[in-house]
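J.: After the sequence you'll find the predicted model.
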Amino acid sequence: MPINNITGMFEIRKSVFTLLFLLTGIPALAQDKGTWNNKQCAVVLTYDDALDIDLDNVIPALDSLKLKGTFYLIGSSPVINKRLGEWRTAAMHGHELGNHSLFHPCSGGPTRSWITPENDLSKYTVARAVNEIRQNNTLLKAIDGKNLRTFAFPCGDLTIGGENFYTALKPDFAGARGVSPGLQTATDVDLDNIKCYAINGQTADYMINLVKQAQQSHTLLVFLFHGVGGGHNLNVSLADHSKLIHYLKANEKEIWIAPMVDVATRISALQASKGSAK
């Protein structure tokens with residue numbers, strides 16, 4: 001066979017393989033983008049404990065960029081009582097007021113000397129934990145008027161006497177955030193213990209690199225903040241937090257930045273759809 005014919009056949013085969021690759025690859029890419037509101041990934045900014053710093057530093061910074069976050073509120077926090085009107089305004093601006101329990105009970109132990117006996121989760125009953133969390137939902141509804149929100153486990157503690165207390169609360173929430181790190185596809189997300197990255201002193205470069213990883217892998221990335229520019233012994237600097245949210249804003253055409261309740265609701269619908277299709 002002449003050389004030019006062999007070359008021509010090779011080019012045809014190459015074109016066929018390229019076309020097949022494109023045809024099989026495009027639906028996968030489209031599916032990934034469709035998962036996260038037609039964007040590459042989802043990023044959720046969460047802030048724990050109902051701190052003054054949330055109202056003084058975080059919400060003004062997010063509002064200036066028209067970004068929305070989730071604020072997990074402890075119902076007994078004096079910052080709720082003192083600044084209730086400001087929390088209501090935050091909710092009106094699109095931020096989620098999430099449930100972080102009424103008294104923030106955590107399981108006590110040798111490394112947790114700061115836990116008082118009355119707030120030691122290991123001394124709770126499941127019924128008490130469930131009732132207090134539901135009472136906090138009532139308080140939050142009185143602030144924002146909403147029925148649907150998400151929960152965050154105080155200290156990441158899931159059980160009382162070996163029993164997962166959140167099991168009884170599943171109908172009350174769109175999902176629950178834990179404290180274990182990880183990037184996850186929508187299919188792999190456990191809505192009863194959503195993974196996140198707790199930030200304490202990490203740089204903007206570290207956080208932005210996590211966002212880039214989520215973009216490349218088409219996954220969910222959740223940040224967990226406490227202090228921002230102070231206000232808590234777990235803290236990130238104002239400058240680093242600012243660099244992160246400015247990166248998110250500059251890339252919002254490719255990143256879905258939304259409150260946890262919106263992302264959890266979408267994941268639940270996608271998981272139900274895939275489950276029914278099996």
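T.: Sure, I can see it. The structure presented is a predicted model; accordingly, all values stated were derived computationally and were not measured.

J.: now the helices for the stretch 101-250 of the chain?
T.: Counting by DSSP state H, counting those that start in this stretch, the stretch 101-250 of the chain has helices at residues 126-144, 204-217, 238-250.

J.: Show me the longest strand that occurs in this protein.
T.: Scanning the chain for the strand with the most residues, using DSSP state E, yields strand 41-48.

J.: Strand partners (parallel or antiparallel) of that one?
T.: The pairing partners recorded for strand 41-48 under DSSP bridges are strand 70-73 (parallel), strand 220-225 (parallel), strand 255-257 (parallel).

J.: Just give the closest residue to residue 69, not the sequence neighbours.
T.: Excluding the flanking residues, the one nearest residue 69 by Cβ to Cβ, 6 or more residues apart in numbering is residue 45, at 4.1 Å. C-betas here are computed from N, CA, C, even on glycine.

J.: Which pLDDT value goes with that neighbour?
T.: For residue 45, the pLDDT comes out at 99.

J.: Give me the neighbour count for it.
T.: 25 (other Cβ atoms under 10 Å).

J.: swap in the one 5 residues further on?
T.: By the criterion of other Cβ under 10 Å, residue 50 has 23 neighbours.

J.: residues touching it, list them.
T.: Contact analysis of residue 50 by Cβ atoms under 8 Å, 6 or more residues apart in numbering lists 71-74, 77, 79-80, 87, 100.

J.: coming back round to it: thought the residue nearest to residue 69 was touching residue 224?
T.: No: assessed by Cβ atoms under 8 Å, residue 45 is found out of contact with residue 224, at 9.2 Å.

J.: Okay, residue 275 and residue 197: tell me how far apart.
T.: Taking Cβ to Cβ, to the nearest Å as the measure, residue 275 falls 28 Å from residue 197.

J.: And the two? Which one has more around it.
T.: residue 197 (18 against 9).

J.: Show me the beta-bridge partners of the more buried one.
T.: With DSSP bridges as the criterion, residue 197 is bridged to residue 223.

J.: so it touches residue 219, yeah?
T.: No: here residue 197 lies out of contact with residue 219, judged by Cβ under 8 Å, at a distance of 12.0 Å.

J.: Name all residues that make contact with the residue nearest to residue 239 when sequence neighbours are not counted.
T.: For residue 239, ignoring the flanking residues on the chain, the nearest one in space by Cβ to Cβ, 6+ apart is residue 204 at 7.4 Å. The neighbours of residue 204, taking Cβ under 8 Å, 6+ apart as the test, are 239-244, 247.

J.: Which pLDDT value goes with residue 204?
T.: Looking at residue 204, its pLDDT stands at 98.

J.: ok so, going back, now the residue nearest to residue 69, which residues is it bridged with?
T.: residue 223.

J.: list the contacts for it?
T.: Taking Cβ under 8 Å, 6+ apart, we find residue 45 in contact with 62, 67, 69-70, 223, 225, 245, 257.

J.: Pull up the gap between residue 263 and residue 210, please.
T.: From residue 263 to residue 210 the distance is 16 Å (Cβ to Cβ).

J.: same thing with residue 104?
T.: 26 Å.

J.: again, but for residue 217
T.: 11 Å.

J.: Check residue 166 too.
T.: Residue 166 sits 26 Å away from residue 210, going by Cβ to Cβ.

J.: Over to residue 139?
T.: Going from residue 139 to residue 210 by Cβ to Cβ gives 33 Å.

J.: Those two - which one has more neighbours?
T.: For residue 139 versus residue 210, neighbours defined as other Cβ under 10 Å are more numerous around residue 210 (20 against 16).

J.: residues contacting that one?
T.: For residue 210, the contacting residues are 183, 197, 221, by Cβ under 8 Å, 6+ apart.

J.: Is it possible to get these out as a markdown table so that each row also shows distance to residue 95 and pLDDT?
T.: A markdown table is the format used below for the contacts of residue 210 (distance: Cβ to Cβ, whole Å; pLDDT from 0 to 100):
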| residue | distance to residue 95 | pLDDT |
| --- | --- | --- |
| 183 | 24 | 98 |
| 197 | 20 | 98 |
| 221 | 18 | 98 |
